[in-house]
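Peer 1: would you be able to build a 3D model of this:
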Amino acid sequence: MKTSRTVLCDGVGKPVPKHGRRLYPGSGPVPDARGRQTRAVAGRHGENRRPGFLSPLGVPAGQYLLRAVKGPERLRRAPPPGPIRSLLWATLPISVETSDIRDLAVTLRTGFRIAGRLEFDSASGDQPSADVVRRLVATIELADGRPLDTPVLGRIGFDFDGRFSSRELPPGRYYLRLNTPPPGWTFKSAMWNGRDVANVPLSLDQDVNGVVLTLTDHPGELHGWVQTASGARDAAATVLVFPAERASWVDSGNNPPRLRSIRAGRDGAYKVVGLPAGAYLVVAVADDAVPDWQDPTTLQTLARMATRVTLADGDTRSLEMKTVAVRR
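Peer 2: Presented below is the predicted three-dimensional model:
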């Protein structure tokens, strides 16, 4: 069992206080087969009282990854647009052997920003007022579902013209989404370099500019009815929608727009609004039959019983189904 003392410094060698830091085994936090993250072996506990110092105790020999973040001060709302240089970060592989590691200096570096603008895909030509736009908040999510080291980093505000710029972020794989659009509008996409980074993670290793967030007033829709095995309308069914490609079943963030769960109405009807274009698998199950339905292992079971549906941009499709019994 070992001890270590690590000094976290800024670019001029000054110790940095009030930072978040974790020591992970191996190459860092990675999801297992069920998407659960590796736990840190050391964190805030074991911190030396001196600013910038970390002294985890009782660390077994092995390979580790040290992650440290000095975030912005806690705010009540999303940051305004414009460059804000307020985050420092570092990652460092560490090999723990038979002797203590002392006075290991780690230099924190500045992070990276995501910036762009908001656009509206309107059938009528109308769009929300500038005041409504100013109150919108976009969200940034880590692809592996972990919470950000500082929650305020995940919130982005807009100016009256719809421009936005995030706070600095440490490198990683992120999704950019707008989960609460104004009434009458649906979040459509976050396009950058021909990719929708609301559904395909953005690998952030430099500043990213020119992202276009789009809201639409004529979203695509999947609707229909669910029936029991005897042919009666099933008011106790839940409709599950998920991507046909298995690669999208993992690392989809906290609020994936392509994975949906919708309870049927009293008449067995269901409606899913705002699905991005793509190929989906759709299945109806009994309420609460699969509470862990987003687990990749469960999705593999559901996929064998699901119906494949392909949606184009703004497409409306109708699909009637029968509730299936899930056996695992």
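Peer 1: use CA for all of it now, contacts and neighbours both
Peer 2: Fine.
Peer 1: sec struct for the residue lying farthest from the centre of the chain, please.
Peer 2: In terms of distance from the mean C-alpha position of the chain, residue 230 ranks first, at 40.4 Å (Cα atoms, centre = their mean). Of the three states, residue 230 takes coil according to DSSP: H, G, I helix; E, B strand; the rest coil.
Peer 1: next: residue 132.
Peer 2: Applying three-state DSSP: residue 132 is helix.
Peer 1: give the contact list for the residue nearest to it when sequence neighbours are not counted.
Peer 2: Nearest residue to residue 132 in three dimensions, chain neighbours excluded: residue 182, at 7.4 Å (Cα to Cα, 6 or more residues apart in numbering). Residue 182 makes contact with 128, 132, 136, according to Cα atoms under 8 Å, 6 or more residues apart in numbering.
Peer 1: low-confidence regions, the stretch 201-328 of the chain specifically.
Peer 2: 328 (pLDDT under 70).
Peer 1: can you map out the strands along it?
Peer 2: Per DSSP state E, counting those that start in this stretch, the stretch 201-328 of the chain carries strands over the ranges 202-204, 208-216, 221-227, 237-243, 260-263, 269-273, 278-286, 307-311, 316-318, 321-322.
Peer 1: out of those strands, which gets nearest to residue 299?
Peer 2: strand 237-243 (8.2 Å; Cα to Cα).
Peer 1: packing partners for that closest one?
Peer 2: strand 260-263, strand 278-286 (3 or more Cα pairs under 8 Å, 6 or more residues apart in numbering; DSSP states H and E).
Peer 1: can I get these in a markdown table including distance to residue 159 and mean neighbour count?
Peer 2: Shown next, in a markdown table, are the helices and strands packed on strand 237-243 (distance: least, Cα to Cα, whole Å; neighbours: other Cα atoms under 10 Å):
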| stretch | distance to residue 159 | mean neighbour count |
| --- | --- | --- |
| strand 260-263 | 31 | 17 |
| strand 278-286 | 32 | 21 |
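Peer 1: could I get those in JSON lines, plus columns for distance to residue 113?
Peer 2: JSON lines is the format used below for the helices and strands packed on strand 237-243 (distance: least, Cα to Cα, whole Å):
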{"stretch": "strand 260-263", "distance to residue 113": "30"}
{"stretch": "strand 278-286", "distance to residue 113": "29"}
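Peer 1: so what's residue 307 bridging to?
Peer 2: Beta bridges link residue 307 to residue 282, judged by DSSP bridges.
Peer 1: that one: neighbour count?
Peer 2: Counted with other Cα atoms under 10 Å, residues neighbouring residue 307 total 17.
Peer 1: repeat for residue 136
Peer 2: When neighbours are counted by other Cα under 10 Å, residue 136 registers 19.
Peer 1: and for the one 5 residues further on?
Peer 2: Residue neighbour count, defined by other Cα under 10 Å, stands at 24 for residue 141.
Peer 1: next: residue 105.
Peer 2: If we define neighbours as other Cα under 10 Å, then residue 105 has 15 of them.
Peer 1: mind checking the strands of the stretch 201-328 of the chain for the one nearest to residue 165?
Peer 2: Of the strands of the stretch 201-328 of the chain, nearest to residue 165 by Cα to Cα is strand 208-216, at 8.6 Å.
Peer 1: partners of the closest one, with directions?
Peer 2: strand 114-121 (parallel), strand 186-192 (antiparallel).
Peer 1: select, out of those strands, the one closest to residue 251.
Peer 2: Across the strands paired with strand 208-216, closest to residue 251 is strand 186-192 (Cα to Cα), at 17.3 Å.
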